[in-house]
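J.: what follows is a predicted structure for the sequence shown.
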Amino acid sequence: MADSLRPGGMGTAGDQPDRMPADFAGSMAMAIEDALNEILQQDNIQGFAQNTNASDARDRRRLLVAIAQGVVRHLAHHAGAFQVSFVDGSGNRQSSFVDGNGNLLRASVTIDTDPQALPAC
């Protein structure tokens, strides 16, 4: 799998309090945390330490991880709501088209998720 939506996780409480949990690093939840920190700083509000697993970071991240997992779960369970179309030479939208070799190509959407980090509903 080349790329997938990775919502993120909390890691283990008390495990390496001076490091961000691997389950959280590089995830959607981390991107949300980064954006929150940037917005706080833009409004001249003191940001927060991010490379930590301390209790204040875990308190904040519970909400961020829940939001990210909910978003990814919802997208994965409603992939049919996404429609991909091609615009033909006349400007009309088509759900399929014939390529230069006469092959019929159809549009589809696949949402790759990390099944380990995405509990079932």
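T.: Yep, it's here. Residues are numbered from 1 along each chain as shown.

J.: hey, which helix is longest across this structure?
T.: helix 55-77 (DSSP state H).

J.: now do the SS call for the closest residue to G47 other than its chain neighbours.
T.: Distances taken as C-beta to C-beta, 6 or more residues apart in numbering place N37 nearest to G47, at 4.4 Å, with adjacent residues excluded. Yep, even glycine has a C-beta here, placed from its N, CA and C like the rest. Put simply, N37 is helix when judged by DSSP: H, G, I helix; E, B strand; the rest coil.

J.: burial of N37, as a residue count?
T.: Using other C-beta atoms under 10 Å, the number of residues around N37 comes to 17.

J.: do I have it right that it meets Q50?
T.: Yes. N37 is in contact with Q50 according to C-beta atoms under 8 Å; the separation is 6.5 Å.

J.: this structure: helices as residue ranges?
T.: Using DSSP H, the helices found in the chain span residues 28-42, 55-77.

J.: of the ones you listed, which is nearest G14?
T.: The minimum distance between G14 and those falls on helix 55-77, with 9.0 Å, by C-beta to C-beta.

J.: quick one: that closest one to helix 28-42, angle?
T.: Using axes from the mean of the first three to the mean of the last three C-alpha atoms, to 10 degrees, the inter-axis angle of helix 55-77 relative to helix 28-42 is 120 degrees.

J.: pull out the buried residues from helix 55-77.
T.: Buried residues in helix 55-77, counted by 16 or more other C-beta atoms under 10 Å: 57-58, 61, 64-65, 68-69, 72-73, 75-76.
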